[in-house]
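Peer 1: Attaching a predicted model along with its sequence, questions to come.
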Amino acid sequence: MTRERGYGWDLDSSAAGVASIAVMVRDPVSAQAIGVLSVSGPSARLAEPRLHELAPLLQKAAPVIGVAGARSPVCVREIARSATKRQARLDGARGELS
């Protein structure tokens, strides 16, 4: 359901009295996840209807942050490191099959 909606939300289940909503921040070119944008606060102020009102705002901001983040040297380095680790795992799995 979260994937279809495009955001996840939580109301008092992770911690009593706390509500939160989050969207994925993706690299605009690769669509790889590079972070999360979230809002948390007291559930008395962030009731379920309010969380759903915030969703479009976060969804609109996430791509803007993704563009800025994708240009960050730290993000570029981490994406490259992740790709290298993934390739090493694939190479190791291929070796085990031989």
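Peer 2: Received the coordinates, thanks.

Peer 1: ranges for the helices of the protein?
Peer 2: 2-5, 48-70, 73-97 (DSSP state H).

Peer 1: Those: lowest mean pLDDT?
Peer 2: Mean pLDDT per stretch puts helix 73-97 lowest among the helices of the chain, at a mean of 67.

Peer 1: Could you find the closest non-adjacent residue to the residue sitting nearest the centre point of the chain?
Peer 2: With distances taken as CA atoms, centre = their mean, Met24 lies nearest the centre of the chain, 2.8 Å away. Sequence neighbours aside, Ala33 is the residue nearest to Met24 in space, at 5.4 Å (criterion: CB to CB, 6 or more residues apart in numbering). (Each C-beta comes from the backbone N, C-alpha and C, glycine too.)

Peer 1: what bridges to the one you found?
Peer 2: Per DSSP bridges, the residues bridged to Ala33 are Arg26.

Peer 1: Which pLDDT value belongs to it?
Peer 2: Ala33 is assigned 86 on the pLDDT scale.

Peer 1: Is it in contact with Ala62, as I believe?
Peer 2: No - look at Ala33 against Ala62 with CB atoms under 8 Å: they stay out of range, at 10.6 Å.
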